[in-house]
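Visitor: Have a look at this fold, sequence not included:
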């Protein structure tokens, strides 16, 4: 089935892309890999008059370490993030989450910027980027700005982007030294599905085994990907036993705002948060995963 | 929109509207019917082709995005009239029933074997996770890929 016709624009500079995006009668959409936008057009959810491809902006595709920071161009492919030695060594949590997105062919096309801009609540990379306290670089006609990932998601499929703005890069601060981290996803239909519940966590233990830095990111459990600050507070400063881990998982289930959909009911999601937060935290405590 | 690319090893210069996907280009522009339209959402995998050796969903990728790249479709698997070892293996092991998923299965498997000549069962299953067969199940398909692996014993 053909896509509803649109004019394709392929700018080769960022200013040209911003120009193409701003003054227009009708609707303009950006396309990166197309794994989200193309099905949306095909399903009639959006009907853009103009589609602006970012594929001729090579500076947007970089995956590069800059000092202690990871610089990801918005057009960096999920497959490249997963396989880049730089990411696997320095940001294993992000590599692990990128590797869990859908299937190989989707990861070859899909980009990190596209994933964030689609603002899917059940994103795999978003909980990892929330734990890593990444920042989103945004370009607009009036200049650039930086938005912490935690402020980037505003609501159901809604981001902090203003009309005419383009996400150009994701900056990921260094993973804390000695951190243990992991990403687990539970799917109710098939292994390559988006997560019913996705859990990313990163913990740093002090010399006595207490968790002095605890970060938990959740996908699929609220209208947007979220951090779980109450669950983190239960664990901070603790050398958690099983009961404390269960209490943290319970706190996460309570602070989530799950929706019901075809994959599962809100109640089922809450129960799965309890299970998967506890499982991941237990494996981090017991040293099954490390950064 | 003018497009130059390499298609199944040969240079290809063609025209396509900007809103065409790679699948539109292959089937409607170039009359190559081996690549199938299944779900149109990137889920079923039957439209899988290779771009620079990596699997992509032809139904999701805009034709403009393969400009200058090397595409391989199921029509490009045979060499000098001889089937690819994967095709022979699928045929010998009965790894197809209706055959609609087969082109995508073959190309996803081709990408896997190029990267990993001696895959495990789990490697094969993971590489084919995005390719659905609604006829028979996957046992013979996985067997056929394993048997065609150049590094297999």
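Guide: All right, it came through fine. Keep in mind it's a predicted model, so treat the numbers as computed, not measured. Numbering: from 1, shown residues only, chains lettered A, B, ... in the order given.
Visitor: going forward, measure contacts between C-alpha atoms and count neighbours the same way
Guide: Noted.
Visitor: any chance you could map the helices in chain B?
Guide: Secondary structure of chain B (DSSP state H): helices located at B:22-24, B:85-92, B:102-115, B:121-127, B:139-148.
Visitor: Tell me which of these sits nearest to residue A:279.
Guide: Residue A:279 sits nearest to helix B:121-127 of all the helices of chain B, at 23.1 Å, using CA to CA.
Visitor: List of residues touching the closest one?
Guide: By CA atoms under 8 Å, 6 or more residues apart in numbering or on different chains, the surrounding residues in contact with helix B:121-127 are A:103, A:104, B:108, B:109, B:112, B:142, B:145, B:146.
Visitor: My read is that the last one contacts residue B:140, right?
Guide: No. Residue B:146 is beyond contact range of residue B:140, at 9.7 Å (criterion: CA atoms under 8 Å).
Visitor: Mind checking which of the two has more residues around it?
Guide: Taking other CA atoms under 10 Å in any protein chain shown, residue B:146 and residue B:140 do not tie; residue B:146 has more neighbours (24 against 16).
Visitor: So for the nearest residue to residue B:35 once chain neighbours are set aside, what pLDDT did the model give?
Guide: Once flanking residues are discounted, residue B:35 sits nearest to residue B:47: 5.2 Å by CA to CA, 6 or more residues apart in numbering or on different chains. Each residue has a pLDDT score; the one for residue B:47 is 98.
Visitor: Show me what from chain B comes close to chain A.
Guide: Counting by CA under 8 Å from any CA of the partner chain, the residues of chain B close to chain A are B:18-20, B:24, B:37, B:40-42, B:48, B:54-57, B:60-62, B:65, B:126-127, B:129-130.
Visitor: Among those, name the buried ones.
Guide: Among the residues of chain B next to chain A, those classed as buried by neighbour count (16 or more other CA atoms under 10 Å in any protein chain shown) are B:18-20, B:24, B:37, B:40-42, B:48, B:54-57, B:60-62, B:65, B:126-127, B:129-130.
Visitor: Give me the nearest residue to residue B:29, chain neighbours excluded.
Guide: Taking CA to CA, 6+ apart as the measure, residue B:29 lies nearest to residue B:16, with 7.1 Å between them; neighbours along the chain are not counted.
Visitor: again with residue A:199
Guide: Beyond its immediate neighbours in the sequence, the residue positioned closest to residue A:199 (CA to CA, 6+ apart) is residue A:218, lying 4.8 Å away.
Visitor: Can you name the helix or strand that that neighbour falls in?
Guide: Element membership of residue A:218 [criterion: DSSP states H and E] is strand A:211-219.
Visitor: Got the domain ranges for chain B?
Guide: The record's domain split for chain B, according to automatic domain parsing, is B:2-76, B:85-148.
Visitor: Any idea how far apart the tips of the longest one sit?
Guide: Distance across domain B:2-76, first residue to last, is 22 Å (CA to CA, to the nearest Å).
Visitor: do the last one as well
Guide: Counting by CA to CA, the length from the leading to the trailing residue of domain B:85-148 is 6 Å.
Visitor: before we move on, back to that, list the buried residues in the strand holding residue A:218.
Guide: Using 16+ other CA under 10 Å as the test for burial, strand A:211-219 gives A:211, A:213, A:214, A:215, A:216, A:217, A:218, A:219.
Visitor: which of the residues you listed sit farthest apart?
Guide: Farthest apart among the buried residues of strand A:211-219 by CA to CA are A:211 and A:219. That separation is 22.8 Å.
Visitor: which regions of chain A sit below the pLDDT cut-off?
Guide: Within chain A, the set of residues satisfying pLDDT under 70 comprises A:23-24, A:288-291.
Visitor: Kindly report the residues of it close to chain B.
Guide: A:1-8, A:33-35, A:38-39, A:42, A:55, A:102-106, A:108-109, A:191-192.
Visitor: In strands, which of the residues you listed fall?
Guide: With strands identified by DSSP state E, the entries of the residues of chain A next to chain B that belong to them are A:7, A:8.
Visitor: sorry, back to before: quick one: which two of the contacts of helix B:121-127 are the most distant?
Guide: Largest separation among these by CA to CA: A:103 and B:146, giving 19.5 Å.
Visitor: And the strands in chain B, which stretches?
Guide: Listed from the start of the chain, chain B has strands (DSSP E) covering B:2-7, B:10-15, B:48-51, B:54-57, B:70-72.
Visitor: Partner strands of the last one, with direction?
Guide: Sheet pairing of strand B:70-72 (DSSP bridges) gives strand B:2-7 (parallel), strand B:48-51 (antiparallel).
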